[in-house]
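Chemist: Here you go, sequence then predicted model.
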Amino acid sequence: MPRHSLDSKLAILSDAAKYDASCASSGSTKHDSRDGKGLGSNEGSGICHAYAPDGRCISLLKILMTNFCIYDCSYCVNRVSSNVPRARFSVDEVVDLTINFYRRNYIEGLFLSSGIIQSPDRTMSDMVRIARKLRHEENFRGYIHLKTIPDAAPELIEEAGLLADRLSINVELPTDVSVKNFAPEKNPAQIRKAMANVRMRKEVAKDRSHTGKRPPRFAPAGQSTQVIVGADASNDAAVLSQSTRLYSSYKLKRVYYSAFSPIPDSSSKLPLIRPPLQREHRLYQADWLLRFYGFDLNEITGVTPDGNLDLDIDPKLAWALQHRGLFPLDVNTASKDMLLRVPGFGVKSVQRILSTRRHRTLRYEDLARMGGSMTKARAFITALGWTPGGLTDSADLRARFAPPPQQLTLL
């Protein structure tokens, strides 16, 4: 095997890391080096951009420690049977890259994942060594997200949580059957056990001792997971049903959906079930509706007969078009729950509507100033000086929002 320069390793292993989706950093405790006691910051904006739910953006060095792997997961480009260029960073190389990139103001943190080399314990041990050197030797106080290996020893995962801001453990695929079929070396029960241990350890870290002293912080930004979508035949209802259980069972900060797309010249025999990136986008939208807008799973996935989301329009609009009898809503009297179901209205715009209408009657122009997308909302609401007339029930309403059909080429 040829020896790689540091630059070529970085090119290979940063490119390989793009398949790891869970790198957002919301929820961490704020800490920076302005007090003169450390290096780095996890605040601000800045190689990989991670967006928090509050809109904050931070830049992360997002790499794999290595893309060598002893496992042969059918959907993974880095599986042992895949013919891809391989590289491996040493512990010191990752530490030096992180510190040097930070000092150049390129990054504010590190997202580190890895293929499995030799054994889960050996791999996890090296990742923990990287985090330990950054925190204790370099006094790095920026954001660290470690992709945790569920088969590793619990004490290694525990130390990882004491060093990192966020841990993530991938559930891989929407069902246990799919994991067993396409990732036979991985054990769904062990994955769930590791996630449960992280949740329990984090909850314990909140408890004060009888003297009032807090225990050491443990993964203050919580844990997340990643689901590969499109590698098996699971419909969107199955994907979102699993996500709902994961949020509830493990108090996850986020479930990330990673679109599977067959790789050219790959030995993988997995089919392309649905257009991957558009499906991924719709799943994120549906996930948001389930978590923050009061929708339940059946409402979102019951719009189509096959349990999949409509790829042409967003899931809230798809629901509204199926329930036109509930609209139009008077924005001056409608409940918060129903306003949240108006296409084009977000949580913030609904809150502004509720606050403002206590003092005066809202006009159409007011709604536009409050941040609502009136292109979508106008067919579903009434306000002072505005009524949609027959627009709500018009036969071509869906066509106004769906992309126009395209002529396919035969070449």
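Modeler: Received, thanks.
Chemist: Secondary structure element for the residue most central in space within the chain, which one?
Modeler: In the chain, the residue lying closest to the centroid (C-alpha atoms, centre = their mean) is Tyr256, at 3.2 Å. Using DSSP states H and E, Tyr256 maps to strand 254-259.
Chemist: how close does the residue nearest to the centre of the chain get to Leu64?
Modeler: From Tyr256 over to Leu64 the distance is 16 Å, taken as C-beta to C-beta, to the nearest Å. The C-beta positions use only the backbone N, C-alpha and C, and glycine is treated the same way.
Chemist: Pass me the low-pLDDT residue ranges in this protein, would you?
Modeler: 1-2, 22-47, 50-56, 209-210, 262-275, 405-411 (pLDDT under 70).
Chemist: Show me the domain layout of it.
Modeler: Here the chain is described, according to automatic domain parsing, as comprising the domains 6-219, 323-401.
Chemist: Looking at the ones you listed, which is nearest to Gln278?
Modeler: Closest of the domains of the chain to Gln278 is domain 323-401, at 14.6 Å (criterion: C-beta to C-beta).
Chemist: The closest one: end-to-end distance?
Modeler: Domain 323-401 stretches 16 Å from its first residue to its last (C-alpha to C-alpha, to the nearest Å).
Chemist: which of the domains of the chain sits most buried?
Modeler: domain 6-219 (a mean of 18; mean count of other C-beta atoms under 10 Å).
Chemist: what separates that domain from the chain centre, distance-wise?
Modeler: The chain centre lies 14 Å from the centre of domain 6-219; the measure is C-alpha atoms, centre = their mean, to the nearest Å.
Chemist: The residue nearest to the centre of the chain and Val227 touch, don't they?
Modeler: Yes: Tyr256 lies in contact with Val227 (C-beta atoms under 8 Å); the separation is 7.2 Å.
Chemist: on that earlier part again, packing partners of the strand holding Tyr256?
Modeler: Judged by 3 or more C-beta pairs under 8 Å, 6 or more residues apart in numbering; DSSP states H and E, the packing partners of strand 254-259 are strand 223-229, helix 236-250, helix 276-292.
Chemist: With respect to burial, which of these scores highest?
Modeler: strand 223-229 (a mean of 24).
Chemist: partners of Tyr257 in the sheet?
Modeler: Under DSSP bridges, the beta-bridge partners of Tyr257 are Val227.
Chemist: That one - how many residues pack around it?
Modeler: 26 (other C-beta atoms under 10 Å).
Chemist: Next up, the contacts around it.
Modeler: The contact partners of Tyr257, by C-beta atoms under 8 Å, 6 or more residues apart in numbering, come to Ala21, Gln226, Val227, Val229, Val239, Glu280, Leu283, Tyr284, Asp287.
Chemist: hmm, which two among those are most spread apart?
Modeler: The widest separation within the contacts of Tyr257 (C-beta to C-beta) is 13.7 Å, between Ala21 and Val239.
Chemist: Adding distance to Ser82, write the helices and strands packed on strand 254-259 out as CSV.
Modeler: Shown next, in CSV, are these (distance: least, C-beta to C-beta, whole Å):
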stretch, distance to Ser82
strand 223-229, 15
helix 236-250, 25
helix 276-292, 18
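Chemist: Thr304 is nearest to which of the ones you listed?
Modeler: Going by C-beta to C-beta, the one of the helices and strands packed on strand 254-259 nearest Thr304 is helix 236-250, 8.7 Å.
Chemist: now could you export just the CA positions of that closest one as PDB?
Modeler: C-alpha atoms of helix 236-250 as PDB (Å, rounded to 0.1, in the frame of the first residue of the first chain):
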ATOM      1  CA  ASP A 236     -41.300   6.600   5.000                       C
ATOM      2  CA  ALA A 237     -43.900   5.600   7.600                       C
ATOM      3  CA  ALA A 238     -41.500   2.900   8.900                       C
ATOM      4  CA  VAL A 239     -38.600   5.300   8.900                       C
ATOM      5  CA  LEU A 240     -40.500   8.000  10.800                       C
ATOM      6  CA  SER A 241     -42.100   5.400  13.200                       C
ATOM      7  CA  GLN A 242     -38.600   4.300  14.200                       C
ATOM      8  CA  SER A 243     -37.500   7.900  14.600                       C
ATOM      9  CA  THR A 244     -40.400   8.600  16.900                       C
ATOM     10  CA  ARG A 245     -39.500   5.600  19.100                       C
ATOM     11  CA  LEU A 246     -35.800   6.700  19.200                       C
ATOM     12  CA  TYR A 247     -36.600  10.300  20.300                       C
ATOM     13  CA  SER A 248     -38.800   8.900  23.100                       C
ATOM     14  CA  SER A 249     -36.600   6.100  24.300                       C
ATOM     15  CA  TYR A 250     -33.200   7.800  24.300                       C
END
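Chemist: Remind me what that helix packs against, helices and strands.
Modeler: Packing partners of helix 236-250 (3+ C-beta pairs under 8 Å, 6+ apart): helix 188-204, strand 223-229, strand 254-259, helix 276-292, helix 297-301.
Chemist: neighbouring contacts of that helix?
Modeler: Counting by C-beta under 8 Å, 6+ apart, 171, 174-175, 192, 195-196, 198-199, 223, 225, 227, 229, 252, 255, 257, 279, 282-283, 286-287, 290-291, 297, 300-301, 307-309 sit against helix 236-250.
Chemist: could you give the angle of it to strand 223-229?
Modeler: 160 degrees (axes from the mean of the first three to the mean of the last three C-alpha atoms, to 10 degrees).
Chemist: Now do helix 236-250: distance to the chain's middle.
Modeler: With C-alpha atoms, centre = their mean, you get 13 Å for helix 236-250.
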